[in-house]
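> Okay, sequence plus prediction incoming.
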Amino acid sequence: MKIPNFKLKSQLALFNALSKAFIITLLVIIVPWIVSEISIRDTDDILIHKLDQVIELVDSLGIDNFIDLEAEFNTFGSYNILKEEYISIEPIARDTLFDVIEFSQRIIEEEIVDYRVLSYSIVENDNNYLIEIGKSISTIYLFEHNLKRFTFIFLIIVISLTFILDLSFIQYLLIPFEKIVKKLKSTNHPSSFNYTSIETSTSDFVYLDETIHSLMHKIELAFNDERDYISNVSHELLTPVSIIQSKLDNILHENNLQEADMIKIFESKKTLRRLTNLVRTLLMMSRIENEEYILTEEVNITNTLQNVLEEIEDKIAAKELELKIKFKAEEFVFFGNDNLLFTLFYNFVNNAIRFTDKGYIEIETLKNQKQFIVKISDSGAGIPKDEIPHIFSRFKNSNDKKDSYGLGLALSKKICGYHKIDIEVISEVNIGSTFILKFPN
């Protein structure tokens, strides 16, 4: 079972809640026993205090005021009207001693009542007497119940307050961390990173913020170096490629070439053309990364798609593929760069044609909850599932075709990111692929 990922704040709050739940569970188990022990101990203290009072009365008034030895029942008994308490004094045999507190039952007015009874023996006038003081268990249970209820209410209030305070403190403590995360999320380009220091008294967050600033500086420098390198190399390559192209064209105009030589020259021109496309693609990617393109043009997406289809219809006809056009949505005007969007659609459609030997190419537009969507589907070779996450990487090919350097989809991904267009890929081997472009509202 895979454990889901949680934010640090959620993990701390979850731990806080679980710890409080553990404490409550532990208290639910322990508190009843503690309360029971407290109530019994408190009852025993009351019984001992009453025994002291009874002994004082016996000493001051004399035992004869309580027991008439000549009467039929030479005992003394007293209990309240609700039978909650009782006191009894009766003679016992000599050398018999009692000093115990226990639970016991007594019959009062033909009714059996459970009591907590203190039994204590005294000596008066050379006779031994047993004093019993009992307190009804029902009153003990009532006291115990009230004490438990008060304890639980108090515990719930205390735990709730501590939980709220802990959660509020965690929230306050993590504010700098959330600001750091927000800075990173809002950074679309190394040069747009906000290097303003986060105000915090937590040294760990200060160190984290400074470390991220240092890393972003290094990333920005490396990014700029790579961009400049690609741009310079691309410009330097275009000049010799153009010269070689011209020389090959001049050679072709000579009439003394044999057919084998002409084939070799045509293959060389094809390679140069691929190299030129490669250099131009790298230049375009470099310019996109440098944010040199203006995104303020009003682009009619439907018209751009139609222009792409007009440009590429010869390739579709040459492979005898069926072209399905399903423009279900109304015309959609999007603020962006017309040339980049044309290149985006051209790459996807051209890619679909290249890897489809029979069947169809389908272009569909639709609106889903006010979001404009373009789907480009084919019945081609498809892409293995484990290759789908890598198809937008530079110089990666998910197939055995050798007529591409693997930059077309990488460039398309750059253009989508530049225009904030989401891409979704659905593909099955030997069935076909669908590229879904979701435009921002």
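On my side now, so go ahead.

> make it CA atoms for all contacts and neighbour counts henceforth
Noted.

> which helices and strands sit right next to the helix or strand harbouring residue 46?
Per DSSP states H and E: residue 46 is located in helix 8-61. On a contact count with 3 or more Cα pairs under 8 Å, 6 or more residues apart in numbering; DSSP states H and E, helix 8-61 meets strand 111-124, strand 127-136, helix 137-173.

> Give the buried residues for the longest one.
It refers to helix 137-173. For helix 137-173, a neighbour-count test (16 or more other Cα atoms under 10 Å) marks 137, 140, 143-145, 147-148, 151-152, 159, 163, 166-167, 170-171, 173 as buried.

> just checking, what packs against that helix?
By 3+ Cα pairs under 8 Å, 6+ apart, helix 137-173 packs against helix 8-61, strand 111-124.

> now for these, which one comes closest to residue 364?
helix 8-61 (42.1 Å; Cα to Cα).

> what angle sits between that closest one and helix 137-173?
150 degrees (axes from the mean of the first three to the mean of the last three Cα atoms, to 10 degrees).

> Measure how helix 8-61 sits relative to strand 127-136, angle-wise.
Using the same axes, to 10 degrees, helix 8-61 lies at 150 degrees relative to strand 127-136.

> quick one: buried residues of the helix or strand of the chain at the bottom of the mean pLDDT ranking?
Least confident helix or strand of the chain, by mean pLDDT, DSSP states H and E, is strand 76-79 with a mean of 76. Neighbour-count burial for strand 76-79, counted by 16+ other Cα under 10 Å, picks out residue 76.

> distance between that strand and the chain's centre?
71 Å (Cα atoms, centre = their mean, to the nearest Å).

> got it, and stretch 283-291?
Worked out by Cα atoms, centre = their mean, stretch 283-291 lies 35 Å from the chain centre.

> So for it, could I get the coordinates as PDB, restricted to C-alpha?
In PDB, the C-alpha atoms belonging to stretch 283-291 read as follows (Å, rounded to 0.1, in the frame of the first residue of the first chain):
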ATOM      1  CA  LEU A 283      17.400  28.700 -32.400                       C
ATOM      2  CA  MET A 284      13.600  28.800 -31.900                       C
ATOM      3  CA  MET A 285      13.800  26.900 -28.600                       C
ATOM      4  CA  SER A 286      16.500  29.300 -27.400                       C
ATOM      5  CA  ARG A 287      14.400  32.300 -28.300                       C
ATOM      6  CA  ILE A 288      11.400  30.800 -26.500                       C
ATOM      7  CA  GLU A 289      13.500  30.100 -23.400                       C
ATOM      8  CA  ASN A 290      14.700  33.700 -23.600                       C
ATOM      9  CA  GLU A 291      11.100  34.900 -23.900                       C
END
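
> got the contact list for it?
If you take Cα atoms under 8 Å, 6 or more residues apart in numbering as the criterion, stretch 283-291 is touched by 189, 227, 230, 231, 234, 293, 411, 414, 415, 418.

> out of those residues, who's nearest residue 101?
Among the contacts of stretch 283-291, and counting by Cα to Cα, the member closest to residue 101 is residue 189, at 82.1 Å.

> my read: residue 134 touches residue 114, true?
No - with contacts counted by Cα atoms under 8 Å, residue 134 stays clear of residue 114, the gap being 9.1 Å.

> Next up, the contacts around residue 321.
For residue 321, the contacting residues are 357, 358, 359, 360, 361, taking Cα under 8 Å, 6+ apart as the criterion.

> coming back round to it: counting contacts, what elements does the least confident helix or strand of the chain pack onto?
By 3+ Cα pairs under 8 Å, 6+ apart, strand 76-79 packs against strand 85-92.

> For the strand it packs on, buried residues please.
85, 86, 87, 88, 89, 90, 91, 92.

> Tell me the strands beside the least confident helix or strand of the chain, with direction?
Sheet pairing of strand 76-79 (DSSP bridges) gives strand 85-92 (antiparallel).

> So which residues lie in contact with the strand it pairs with, not counting its own?
66-67, 74-80, 127-136.

> Buried subset of these as a PyMOL selection?
Those of these that count as buried under 16+ other Cα under 10 Å are selected in PyMOL with:
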select buried, resi 66+67+75+76+128+129+130+131+132+133+134+135+136
